[in-house]
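Q: Structure, please.
(2 chains)
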There are 2 protein chains.
Amino acid sequence: MSDNSGAIFEQGKQSIKIPIPIYIRASASIVGTKEGAGPFGDLYDIVGIDDKFGCDTWEEAESTLQKEALQTAIGKAGLKNDDIRFLFAGDLLGQSIASSFGLGGFHIPLMGMYGACSTCGLSLSAATVMIAGGMAKYAACVTSSHFASAEKEFRYPLAYGNQRPLSSTWTVTGSGAFVVSSEKSDKDRAMITGLTIGKIVDYGIKDSMNMGACMAPSAADTIYQHLQDFERKPEDYDKIVTGDLGTVGKKALIDLLSQKGVDISSVHMDCGIEIYDKSQDAHAGGSGCGCSAVTLSAYILKQIEEGKWKHVLFVPTGALLSKTSFNEGQSIPGIAHAVELVSCRG
Amino acid sequence: MSDNSGAIFEQGKQSIKIPIPIYIRASASIVGTKEGAGPFGDLYDIVGIDDKFGCDTWEEAESTLQKEALQTAIGKAGLKNDDIRFLFAGDLLGQSIASSFGLGGFHIPLMGMYGACSTCGLSLSAATVMIAGGMAKYAACVTSSHFASAEKEFRYPLAYGNQRPLSSTWTVTGSGAFVVSSEKSDKDRAMITGLTIGKIVDYGIKDSMNMGACMAPSAADTIYQHLQDFERKPEDYDKIVTGDLGTVGKKALIDLLSQKGVDISSVHMDCGIEIYDKSQDAHAGGSGCGCSAVTLSAYILKQIEEGKWKHVLFVPTGALLSKTSFNEGQSIPGIAHAVELVSCRG
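A: Predicted coordinates for the structure are as follows:
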């Protein structure tokens, strides 16, 4: 009988050192009109001409985003749908229906994920573990969010016309998809070399119109632990990129880490702050599973490919709430998962 | 540069052969009053004296189920909370709030899963991949469901007193937790030696009061593919156990497989049919993430431990719907994940 003790790739307290490099072979991003008008507008693969994407409901529109993003990513990878062994996907809607109805037509085995807006990091982590373990050659990760389906799911119907406080963020309409593999190719956009899986962190904040404050403690926890586990400093990274903290959450993150003696201010970037221009009236910034996913695909991986950044820590952040938990007076805990990205150019 | 082609443990079209045995070191089950009065009543670790488990809401009660199940399983494994490297967990509620609020206090990194009632199979699969890949020594899997929180989430408030058709199933109030490891011990309940990850299968059925019919096609698809991938016959297993098809779904499953020339009737068992006595008025049977999880912990692993069954295929089944997708007229696709269990006694 084997008595393998496993755990040979455990790194520090909650990280994993990936034993062989895992390559992001290709990726795709599809966004709505507001995102298309933003600073990264020219970088997305597809920008919708309206936010219903030819569908009857917001939920179907979001499913269509996932379908188009995945199909585009597989095509850009030079693969066929059948080549993808497993999908890792999830979204913000109750029971992840954007994924269930967007991905069924691919007939690819699916491992469903739930990490709120951290899903891009969670699904890349799970796919990396699967491939690095030698259990698949190709996998794909997909996630999405949609402003209108998210408002309906978490807050008020759009027709109600509620006022949004300045601390609120705007849920990104978009989907990002990523094809990952252990096989090196000349298309590879970046390598995944390490993971830090996040814990649920709850500071007791209850304001669903201030998600940045809810998620900042979990981002601080994961980034701090990542640096400890790998014995690194913030300056070892060209960028440490959070998902959707927005302006309020960014300030909280910097403050929380500086209380622990870690200063990330010179290398920090938040996708939620970058995705819209100030003139676009998104208040504290963008949010949603789609926010970090489309920014990774369209902008971050491009910077890495072009050699501008060589070493990036990508840390999508999720707020763990439902309208039921909110209405029952529960707090809004956060979770954040970190994926270490390295340039393929060495 | 490495040019590892990966995929060395791929088995057939959608399965994984686990390279080293992964052991289920310990497990725990906690259930409500109705389950406690059922055929397996004496086998559960904890039976509640009422279904609120000391909480103010049904959702908090479900979170308490997960918390108690996990703590009990870790204790039975002879481990401390800190020994568990990663949690794999999810549930039926929107945004998996039973897990988010039940597991935060453990401060263990969490990979959130969504597979509807297939979550027990999905989370065991993900944990097995992680451990077999050498990326953790110990992991734990948790899932739950609660009759009252599920009725509120998917159908009608209990106070409305709606009539339930005979094809409907009764959501199990219960949680099951499992500690898995690559390290052999004298406590081990069974070994995990193979996985078949399921695809979304949609036959276009739209009746949320007949979940068995919605899920049977996915169970048939996964079981058929598992047998193909490993080149086996149903008789190679002592039992092929589905999660919560109930009486209506069981008939559909047997019929669908017999159309493909596969007869599982002599070895098939469904947790949903076994968990309640006919006198308990559950109609077509039990359902929910908790159904297969508590039956695995309390009954199936006991049969394997006692040498009555040596080789079991455990196939939890999930129905992918939300109240939004249902109200928008969408179908109810299914998904099923198969976990191969082998006796540690050889």
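
Q: could you list every residue that touches A:Ala139?
A: For A:Ala139, the contact set (CB atoms under 8 Å, 6 or more residues apart in numbering or on different chains) comprises A:84-88, A:127, A:130-131, A:179-181. Just so you know, the C-beta spots here come from the backbone N, C-alpha and C atoms, and that holds for glycine as well.

Q: looking at this, it is in a strand?
A: Yes. Secondary structure of A:Ala139 (DSSP: H, G, I helix; E, B strand; the rest coil): part of a strand.

Q: so where's the stretch 1-150 of chain A uncertain?
A: In the predicted model of the stretch 1-150 of chain A, residues A:1-6 satisfy pLDDT under 70.

Q: do you know how far A:Pro19 is from chain B?
A: With the distance defined as CB to the nearest CB, to the nearest Å, A:Pro19 ends up 7 Å from chain B.

Q: could you show me where the helices are in the stretch 1-150 of chain A, in order?
A: According to DSSP state H, counting those that start in this stretch, the stretch 1-150 of chain A carries its helices in the segments A:33-36, A:58-76, A:97-103, A:119-132, A:147-154.

Q: still on that earlier bit, ok, and of the contacts of A:Ala139, which contact chain B?
A: Restricting these to those within reach of chain B (CB under 8 Å from any CB of the partner chain) leaves A:85-86, A:130-131, A:181.

Q: re the thing from before, can you tell me which of the contacts of A:Ala139 is nearest A:Lys323?
A: For those, the closest approach to A:Lys323 (CB to CB) belongs to A:Phe88, at 25.9 Å.

Q: and the spatially closest residue to A:Pro157 that is not a sequence neighbour, what does it touch?
A: Sequence neighbours aside, A:Glu151 is the residue nearest to A:Pro157 in space, at 7.3 Å (criterion: CB to CB, 6 or more residues apart in numbering or on different chains). The contact partners of A:Glu151, taken as CB under 8 Å, 6+ apart, are A:157-158, A:171.

Q: Please report phi then psi for whichever residue of chain A sits closest to chain B.
A: With CB to the nearest CB as the measure, A:Gly133 is the residue of chain A nearest to chain B, at 2.6 Å. When read as degrees, to the nearest 10, the backbone of A:Gly133 gives phi -80, psi 0.

Q: isn't it right next to B:Met135, touching?
A: Yes. Between A:Gly133 and B:Met135 there is a contact at 7.1 Å, judged by CB atoms under 8 Å.

Q: and A:Phe178, that one's in a strand?
A: Yes. According to three-state DSSP, A:Phe178 belongs to a strand.

Q: burial of it, as a residue count?
A: Look at A:Phe178: counted by other CB atoms under 10 Å in any protein chain shown, it has 31 neighbours.

Q: Identify the bridge partners of it.
A: Beta bridges link A:Phe178 to A:Ser27, A:Cys141 when assigned by DSSP bridges.

Q: you'd agree it is up against A:Ile131?
A: No. When contacts are counted by CB under 8 Å, A:Phe178 is not listed as touching A:Ile131 (11.9 Å).

Q: thinking again about what came up before, need the ones next to chain B among the contacts of A:Ala139 in a markdown table with neighbour count, can you?
A: Formatted as a markdown table, the ones next to chain B among the contacts of A:Ala139 follow (neighbours: other CB atoms under 10 Å in any protein chain shown):
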| residue | neighbour count |
| --- | --- |
| A:Arg85 | 24 |
| A:Phe86 | 23 |
| A:Met130 | 28 |
| A:Ile131 | 29 |
| A:Ser181 | 29 |
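
Q: which among those gets closest to A:Asp236?
A: Distances from A:Asp236 to the ones next to chain B among the contacts of A:Ala139, taken by CB to CB, are shortest for A:Ile131, at 24.9 Å.

Q: Which residues are in contact with the closest one?
A: A:Ile131 neighbours (CB under 8 Å, 6+ apart): A:22, A:137-139, A:180-182, B:6.

Q: re earlier: of all the helices of the stretch 1-150 of chain A, which one is nearest B:Lys199?
A: helix A:97-103 (9.5 Å).

Q: Packing partners of the closest one?
A: If contacts are counted by 3 or more CB pairs under 8 Å, 6 or more residues apart in numbering or on different chains; DSSP states H and E, helix A:97-103 sits against helix A:58-76, strand A:86-91, strand A:110-112, strand A:138-145, helix B:323-327.

Q: hmm, 10 Å instead?
A: If contacts are counted by 3 or more CB pairs under 10 Å, 6 or more residues apart in numbering or on different chains; DSSP states H and E, helix A:97-103 sits against helix A:58-76, strand A:86-91, strand A:110-112, strand A:138-145, helix A:147-154, strand A:174-181, helix A:289-295, helix B:323-327.

Q: so which of these comes closest to A:Tyr44?
A: A:Tyr44 lies closest, by CB to CB, to one member of the helices and strands packed on helix A:97-103: helix A:289-295, at 6.5 Å.

Q: before we move on, back to that, shared neighbours, A:Phe178 and A:Ile131?
A: A:139, A:192 (CB atoms under 10 Å, 6 or more residues apart in numbering or on different chains).

Q: can I see the domain layout of chain A?
A: Following automatic domain parsing, one gets these domains for chain A: A:23-181, A:190-342.

Q: Could you tell me how far the last one lies from the centre of the chain?
A: Put plainly, it is domain A:190-342. Distance of domain A:190-342 from the chain centroid (CA atoms, centre = their mean, to the nearest Å) equals 9 Å.

Q: Is that domain in proximity to chain B?
A: Yes. Counting by CB under 10 Å from any CB of the partner chain, chain B has neighbours in domain A:190-342: A:191, A:195-202, A:221-222, A:225, A:318-335, A:337.

Q: With respect to A:Ala213, which of the contacts of A:Ala139 is nearest?
A: A:Phe88 (28.8 Å).

Q: Contacts only, for the closest one.
A: Counted by CB under 10 Å, 6+ apart, A:Phe88 has contacts A:99, A:110-113, A:119, A:122-130, A:139-143, A:178, A:180, B:126.
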